[in-house]
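next come a sequence and a model predicted from it.
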Amino acid sequence: MELAYYSDYAVRLVNTEQPERGGDSLTSVEAVRELFGAAQQAARRATESDVTRLRAVRSRLRAVFEAADRGDEVLAVDLLNALMMEFPVSPQISGHEFRDGENRPKWHMHIADHAANATAGFTATACMGLAFHLTELGVDRLGICEAKPCRNAYLDTSTNRSRRYCSDRCATRANVAAYRARKRRESTRTAESAQDATARGER
Ligand SMILES: [Zn+2]
Ligand SMILES: [Zn+2]
């Protein structure tokens, strides 16, 4: 569904910040425009002020993902509802693109063309998408990557709700770390039992 697709807006915005690493890529109008992806018409409205505005929204959206990740469904919903109240949608059917080989417009929904500024439009769209995702698939589909220090947000669209990492890269990193930790424990145990054997005079 197109509306659920917009939930990626929320993920994209939240992940412009790496809180544990102190990283932030949302530092310019260009970075703001990139967040809009293919919606370049909406992106053109962005100004320097949207960097600050979107950073404020970002913290609030992260709080939604973190509450969901902790299993606090009511808080996640309350926080998202508050955002939707503040950044309302103004749905319009748009036909600015044409069907291939036809002269008929490709009718589709625009969520917030008449928002006060680029941030308001982006946020309304992101929250609407996230709300659809949450109600269709469940609050537990919103998560925070478990591969520390990564704290990226993700949406679990797997059939068996098995996702725990934001990316394949983080999944691999976590697996390697777990493997090394297991090896370390094993070699400590081997060394300890060797020492015990020595202490008992078995060597
Ligand atoms: Zn359009
Ligand atoms: Zn990650």
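Ah, there it is. Ligands and ions are numbered 1, 2, ... in the order given.

which outside residues touch the helix or strand in which residue 61 is found?
Using DSSP states H and E, residue 61 sits within helix 49-70. With CB atoms under 8 Å, 6 or more residues apart in numbering as the contact definition, helix 49-70 has outside contacts at 10, 13-14, 16-17, 19, 24, 26-29, 31-32, 35, 73, 75-76, 79-80, 82-83, 87, 117-119, 122-123, 126-127, 130, 134, 139-144, 153. Backbone N, C-alpha and C define where each C-beta goes, glycine included.

can you give me the helices in the chain?
Using DSSP state H, the helices of the chain run over 2-5, 7-14, 29-35, 40-43, 49-70, 73-86, 118-137, 168-199.

now those helices as TSV including distance to residue 148?
As requested, the helices of the chain are exported to TSV (distance: least, CB to CB, whole Å):
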stretch	distance to residue 148
helix 2-5	29
helix 7-14	17
helix 29-35	25
helix 40-43	33
helix 49-70	13
helix 73-86	21
helix 118-137	24
helix 168-199	9
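
any chance of those helices in TSV, plus mean neighbour count and distance to ligand 2?
What follows is the helices of the chain, written out as TSV (neighbours: other CB atoms under 10 Å; distance: least, CB to the ion, whole Å):
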stretch	mean neighbour count	distance to ligand 2
helix 2-5	15	21
helix 7-14	22	12
helix 29-35	17	19
helix 40-43	15	26
helix 49-70	18	12
helix 73-86	16	20
helix 118-137	23	19
helix 168-199	11	3
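
okay if I get these as a markdown table plus mean pLDDT?
Shown next, in a markdown table, are the helices of the chain (pLDDT from 0 to 100):
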| stretch | mean pLDDT |
| --- | --- |
| helix 2-5 | 71 |
| helix 7-14 | 96 |
| helix 29-35 | 96 |
| helix 40-43 | 87 |
| helix 49-70 | 98 |
| helix 73-86 | 98 |
| helix 118-137 | 95 |
| helix 168-199 | 88 |
